[in-house]
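**Student:** sequence unavailable; structure follows:
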């Protein structure tokens with residue numbers, strides 16, 4: 001239980017905003033570490049599956065995020081927020 005939660009909340013960065021109800025407003029801020037080549041995590045929220053997966057590609061990272069229908073996500077990378085609607089999204093060339 002607690003190891004799984006640590007992976008999806010910390011390494012994959014899946015959470016909801018403070019005022020969100022039932023993961024309507026998702027917040028994703030993964031922790032990239034050179035100790036791992038990739039992290040993949042899914043969370044089954046009341047609105048559907050949330051997925052965050054990152055992959056180390058040389059000196060940069062690629063992040064894939066899936067947002068369930070009826071939700072939106074704020075994806076924080078390098079201190080910059082990206083707002084995405086439901087669906088699948090990729091962020092390429094992320095520097096740690």
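**Tutor:** All right, it came through fine. All of these numbers come straight from a predicted model, not from anything done at the bench.
**Student:** so what's the residue lying farthest from the centre of the chain up against?
**Tutor:** The C-alpha centroid of the chain is most remote from residue 58, which lies 20.3 Å away (Cα atoms, centre = their mean). Under the criterion of Cβ atoms under 8 Å, 6 or more residues apart in numbering, residue 58 has no contact partners. Glycine gets a C-beta too; all of them are placed from N, C-alpha and C.
**Student:** measure it to residue 71 for me?
**Tutor:** Using Cβ to Cβ, to the nearest Å, residue 58 is found at 32 Å from residue 71.
**Student:** and the pLDDT for the residue farthest from the centre of the chain?
**Tutor:** On the pLDDT scale, residue 58 is placed at 92.
**Student:** ok, residue 1 next?
**Tutor:** For residue 1, pLDDT reads 56.
**Student:** equivalent analysis for residue 5, please.
**Tutor:** At residue 5, pLDDT is 79.
**Student:** please consider this matter closed, and thank you.
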